[in-house]
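*Asks:* Okay, predicted coordinates and the sequence, questions at the end:
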Protein chains: 4
Amino acid sequence: MATKAELEHFFQTDFPQADFTIESIGEKSATIRKKIAPGHLRPGGTVSGPVLMELADAALYVTILSEIGLVAMAVTTNLNINFLRKPSADKDIIAKCTLIKLGKSLAIGEVSIYSGDLPEPVAHAVGTYSIPPARA
Amino acid sequence: MATKAELEHFFQTDFPQADFTIESIGEKSATIRKKIAPGHLRPGGTVSGPVLMELADAALYVTILSEIGLVAMAVTTNLNINFLRKPSADKDIIAKCTLIKLGKSLAIGEVSIYSGDLPEPVAHAVGTYSIPPARA
Amino acid sequence: MATKAELEHFFQTDFPQADFTIESIGEKSATIRKKIAPGHLRPGGTVSGPVLMELADAALYVTILSEIGLVAMAVTTNLNINFLRKPSADKDIIAKCTLIKLGKSLAIGEVSIYSGDLPEPVAHAVGTYSIPPARA
Amino acid sequence: MATKAELEHFFQTDFPQADFTIESIGEKSATIRKKIAPGHLRPGGTVSGPVLMELADAALYVTILSEIGLVAMAVTTNLNINFLRKPSADKDIIAKCTLIKLGKSLAIGEVSIYSGDLPEPVAHAVGTYSIPPARA
């Protein structure tokens, strides 16, 4: 298990390029948030798909680490993402992850991604992480 | 249809943040390449998953635009990616895309992603783009 | 919109091979159930993957038809399924679907699949249906 | 490793409900074929999606067993399928699988599915199998 403060410290030191904040950690769940900057946009004034994929992957990683501890070597093995609606260019992107399986060697979770306070998700992802045998 | 030179000009002007070069354009296929920098790495000295996802998405986009012309508004609706092996931290990443369907309203392609000249792919993706009704 | 009774009649007449019962229809959601017979099992005494895939696809179809009416020609365009735990060979399989997008030309839903009354899902799927332009 | 004859015997004895023939086995690849009967069709006179999913899954299983031997307990953990074109109701369905990763604990392959001798695939799948630790 890792607390929100431990996770924040881990990302600051081990993933300095990680560009999101942790909103909350729950039971097998977590919510993270990312500010959108001009470099995240694509033609048409919407947030680019890879920004959403990156945040989905990060939300899974945060949620898994909150359960198993700070195991940097957990790695994504599969990610499936559906893009549902256009995010707003001037709103934060919020990713809410819930684990649907947390096994010894792999974890699977689903992530709903929102554009600011709009009620309908802009994307939905399901991803699998492989958890290394020797874990903290 | 768009040539390699037209595509390069399009990405320079419309996607200045796109950080790859187009190696070649073929029949319903394209190959692109990305130089890996420290910001693309993750703990363990390997290329981060989101970098591979972004390149898979870009390879699809380049391939589709090479067939239908410079339709900026084509958007990804689904991407499924499997991460197969660890990419090398000091090699370019190369993505080779082949379309498996090019319809009026959607295109589907598969992308094999390589780490430099290693023969086995490091990731494999399948993605769908929605093509807007009024196209060039 | 179609009621539970209308849907049951539709499957009896148009899909006589459909081998499930509709438990309930909700707002953008539905639950269906399938009895497991020896032909649905695989070595190891568990329900075979294709039986779960078929039920996931059927749950999506039922849910979409309950919203848009009895449009037989709606077709699956993508299905992604993760198998999470072994279903019991002697329990019904229950699939609960919730739509995450219901647009004019496509609908996307997620499906959690359960083995009898066990609390944890045995599989989780996300699927997309294409909806034909002229709909009831 | 298992030969075509060994695989055929295995499916006859362990999977009597398996309803396909093995056309050929290659290096990390295999082709299987299924005859289409009225029970495999859906409204509109096309082959139902679950029939294609089942054949994709079977093609993966055959290909993996041809490489690792007759390990009945290998199980699917993920399958992603895109439906590309309508199969013909009166043609066999052929599935061609190629493995893209064959590791100790998991194997990933892609499958192109054809309707008779039509040149374009009617579906494309990517699937992952988990391989049990003690293997033949």
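*Replies:* On my side now, so go ahead.

*Asks:* Enumerate every residue touching residue A:74.
*Replies:* Counting by C-beta atoms under 8 Å, 6 or more residues apart in numbering or on different chains, residue A:74 makes contact with A:61, A:64-65, A:68, A:107, A:129-132. Placement of C-beta: from N, CA and C, glycine included.

*Asks:* Now do the helix-or-strand element of chain A with minimal mean pLDDT: distance to the chain's middle.
*Replies:* Lowest mean confidence among the helices and strands of chain A (mean pLDDT, DSSP states H and E): strand A:41-42, at a mean of 83. Offset of strand A:41-42 from its chain centre (C-alpha atoms, centre = their mean, to the nearest Å): 20 Å.

*Asks:* quick one: strands adjacent to it?
*Replies:* Strand pairing for strand A:41-42, using DSSP bridges, gives strand A:46-47 (antiparallel).

*Asks:* Name the surrounding residues that touch the strand it pairs with.
*Replies:* Contacts for strand A:46-47 (C-beta under 8 Å, 6+ apart): A:36, A:40-41, A:86-89, A:93, A:115, A:122.

*Asks:* Among the contacts of residue A:74, the buried ones, what's the ChimeraX command?
*Replies:* Selection of buried members from the contacts of residue A:74 for ChimeraX, criterion 16 or more other C-beta atoms under 10 Å in any protein chain shown:
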select /A:61,64,65,68,107,129,130,131
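
*Asks:* hey, where'd the helices end up in chain A?
*Replies:* Ranges of helices in chain A, per DSSP state H, are A:4-14, A:49-68.

*Asks:* okay, the ones you listed in JSON lines with distance to chain D and mean pLDDT next?
*Replies:* Rendered in JSON lines, the data for those read as follows (distance: least, C-beta to the nearest C-beta, whole Å; pLDDT from 0 to 100):
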{"stretch": "helix A:4-14", "distance to chain D": "26", "mean pLDDT": "92"}
{"stretch": "helix A:49-68", "distance to chain D": "15", "mean pLDDT": "96"}
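
*Asks:* what are the bridge partners for the residue in chain A that chain D sits nearest to, then?
*Replies:* Residue nearest to chain D within chain A: residue A:78 (5.8 Å; C-beta to the nearest C-beta). Note on residue A:78: beta-bridge partners by DSSP bridges are residue A:128, residue B:82.

*Asks:* Run through the residues that contact the closest residue to residue A:43 other than its chain neighbours.
*Replies:* Distances taken as C-beta to C-beta, 6 or more residues apart in numbering or on different chains place residue B:72 nearest to residue A:43, at 4.0 Å, with adjacent residues excluded. Listed by C-beta under 8 Å, 6+ apart, the contact partners of residue B:72 are A:43-44, B:10, B:14.

*Asks:* likewise residue A:110?
*Replies:* Residue A:110 neighbours (C-beta under 8 Å, 6+ apart): A:97-98, A:100, A:124-126, C:110, C:124.

*Asks:* Residue A:128 against residue A:80, yeah?
*Replies:* No. In this structure residue A:128 lies outside contact range of residue A:80 using C-beta atoms under 8 Å: 9.1 Å.

*Asks:* More neighbours: which of these two?
*Replies:* residue A:80 (25 against 22; other C-beta atoms under 10 Å in any protein chain shown).

*Asks:* thinking again about what came up before, by neighbour count, which of the contacts of residue A:110 wins?
*Replies:* Greatest neighbour count in the contacts of residue A:110, by other C-beta under 10 Å, goes to residue A:97: 28 neighbours.

*Asks:* how close does that one get to chain B?
*Replies:* Here the distance between residue A:97 and chain B works out to 15 Å (C-beta to the nearest C-beta, to the nearest Å).

*Asks:* still on that earlier bit, what's the farthest-apart pair in the contacts of residue B:72?
*Replies:* For the contacts of residue B:72, the maximum inter-member distance is 14.2 Å, found between A:44 and B:10 (C-beta to C-beta).

*Asks:* more neighbours, those two?
*Replies:* Higher neighbour count among residue A:44 and residue B:10: residue B:10, with 18 against 11, using other C-beta under 10 Å.

*Asks:* How about the contacts made by that one?
*Replies:* Counted by C-beta under 8 Å, 6+ apart, residue B:10 has contacts B:2, B:65, B:70, B:72.

*Asks:* at 10 Å what do you get?
*Replies:* By C-beta atoms under 10 Å, 6 or more residues apart in numbering or on different chains, the contact set of residue B:10 is A:43, B:2, B:18, B:62, B:65, B:69-70, B:72.

*Asks:* before we move on, what about residue A:124?
*Replies:* Applying C-beta under 10 Å, 6+ apart to residue A:124 gives the contacts A:52, A:56, A:80-84, A:110-113, C:100-101, C:108-110, C:126.

*Asks:* For the spatially most central residue of chain A, give its distance to residue B:77.
*Replies:* The centre of chain A sits closest to residue A:59, judged by C-alpha atoms, centre = their mean, with a distance of 1.6 Å. Note on residue A:59: its distance to residue B:77, by C-beta to C-beta, to the nearest Å, is 20 Å.

*Asks:* Repeat that for residue A:110.
*Replies:* As judged by C-beta to C-beta, residue A:110 and residue B:77 stand 18 Å apart.

*Asks:* Residue A:72 too?
*Replies:* For residue A:72, the distance to residue B:77 - C-beta to C-beta - is 33 Å.

*Asks:* Skipping adjacent residues, who's closest to residue A:47 in space?
*Replies:* Nearest in space to residue A:47, with sequence neighbours left out and distances taken as C-beta to C-beta, 6+ apart, is residue A:87 at 4.1 Å.

*Asks:* burial of the one you found, as a residue count?
*Replies:* 28.

*Asks:* which residues sit in contact with residue A:105?
*Replies:* A:129-133, A:135, D:105-106, D:130.

*Asks:* An error on my part: the question was meant for residue A:12.
*Replies:* Taking C-beta under 10 Å, 6+ apart, we find residue A:12 in contact with residue A:18.

*Asks:* got it, and the one 4 residues further on?
*Replies:* Applying C-beta under 10 Å, 6+ apart to residue A:16 gives the contacts B:38-39.

*Asks:* re earlier: I'd like the distance between the residue nearest to residue A:47 and residue A:12.
*Replies:* Relative to residue A:12, and taking C-beta to C-beta, residue A:87 is found at 26 Å.

*Asks:* go on, residue A:45?
*Replies:* Note on residue A:45: its distance to residue A:12, by C-beta to C-beta, is 31 Å.

*Asks:* Please apply the same query to residue A:130.
*Replies:* Residue A:130 is 25 Å from residue A:12, by C-beta to C-beta.

*Asks:* One more: residue A:83?
*Replies:* Taken as C-beta to C-beta, the span from residue A:83 to residue A:12 is 30 Å.

*Asks:* buried sites along stretch A:11-31?
*Replies:* Under the neighbour-count criterion of 16+ other C-beta under 10 Å, stretch A:11-31 has A:11, A:15, A:18, A:20, A:22, A:25, A:28-31 buried.

*Asks:* Could you let me know which of the contacts of residue B:72 ends up closest to residue D:6?
*Replies:* Looking across the contacts of residue B:72 and measuring by C-beta to C-beta, the closest to residue D:6 is residue B:10, at 53.8 Å.

*Asks:* is stretch A:18-27 anywhere near chain C?
*Replies:* No. On the criterion C-beta under 10 Å from any C-beta of the partner chain, stretch A:18-27 is out of touch with chain C, staying 13.9 Å away.

*Asks:* measure that stretch end to end?
*Replies:* One end of stretch A:18-27 to the other measures 23 Å (C-alpha to C-alpha, to the nearest Å).

*Asks:* Is chain B within reach of it?
*Replies:* Yes. Using C-beta under 10 Å from any C-beta, we find that stretch A:18-27 touches chain B at residue A:18.

*Asks:* next one: that stretch to chain centre, how far?
*Replies:* The chain centre lies 8 Å from the centre of stretch A:18-27; the measure is C-alpha atoms, centre = their mean.

*Asks:* now do stretch A:76-85
*Replies:* 11 Å.

*Asks:* Kindly report the same for stretch A:32-41.
*Replies:* 13 Å.

*Asks:* re the thing from before, which of the contacts of residue A:74 come close to chain B?
*Replies:* A:61, A:129-130, A:132.
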